[in-house]
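sequence unavailable; structure follows:
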């Protein structure tokens, strides 16, 4: 009986092994390594550089105008702002007295105030500037004047760095 039981269990194991093999399915797995995803960058520039060389400004005289194009090196659509930074050797009296208006030539957005506090808000935020080189940039108009009541010395000079900051444009949610 033991022998018969052993043969039966052995046969059952052999049949289950054969049946299990025929009822199984195949699987495989592959890995594709070291794929890289990198963000781009936003490069902003101005043309021409420098864009402002104003001479013979007089207190109470007419404003003098200068234009600059702000653009991105790549195709990224952007919006921008402008800030003035006083350079070494700049006349403090002229720096504090000069007035400036910065105006976006397309949207008409503008900022007006003292040169020493020039730090505009964002321009072209609503629709952005196309970007992609000088031809797709935005013309910015700067007017500078000295008010009649300003206390400035004869033949003083203000050397100013204008910093243009940009952000990638994204639709403004309503």
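Yep, it's here. This one's a predicted model, so the numbers in the text were calculated from it and none came from an experiment. Numbers count the residues shown, from 1 in each chain.

tell me which stretches of this protein form strands.
44-47, 64-72, 78-86, 99-104, 110-114, 138-145, 160-168 (DSSP state E).

out of those, which is closest to residue 128?
Among these, the nearest to residue 128 by Cβ to Cβ is strand 78-86 (5.5 Å). For glycine as for every other residue, the C-beta is placed from the backbone atoms N, C-alpha and C.

what mean pLDDT does the closest one get?
Average pLDDT, strand 78-86: 95.

excluding chain neighbours, give the residue nearest to residue 41 in space.
Counting by Cβ to Cβ, 6 or more residues apart in numbering, residue 41 lies nearest to residue 74, which is 7.7 Å off, once chain neighbours are set aside.

any idea which residue sits dead centre in the chain?
residue 167 (2.8 Å; Cα atoms, centre = their mean).

returning to that earlier point: will you turn the strands of the chain into a markdown table that also has distance to residue 120?
Formatted as a markdown table, those follow (distance: least, Cβ to Cβ, whole Å):
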| stretch | distance to residue 120 |
| --- | --- |
| strand 44-47 | 14 |
| strand 64-72 | 12 |
| strand 78-86 | 5 |
| strand 99-104 | 6 |
| strand 110-114 | 4 |
| strand 138-145 | 10 |
| strand 160-168 | 10 |
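
for these, which one sits closest to residue 124?
strand 78-86 (4.5 Å).

quick one: buried residues of that closest one?
78, 79, 80, 81, 82, 84, 86 (16 or more other Cβ atoms under 10 Å).

just want the angle from that strand to strand 64-72.
130 degrees (axes from the mean of the first three to the mean of the last three Cα atoms, to 10 degrees).

what's the angle from strand 78-86 to strand 160-168?
Using the same axes, to 10 degrees: strand 78-86 against strand 160-168 is 160 degrees.

elements contacting strand 78-86?
Counting contacts by 3 or more Cβ pairs under 8 Å, 6 or more residues apart in numbering; DSSP states H and E, strand 78-86 is packed against strand 160-168.

show me what the strand it packs on is packed against.
Checking 3+ Cβ pairs under 8 Å, 6+ apart, strand 160-168 ends up next to strand 44-47, strand 64-72, strand 78-86.
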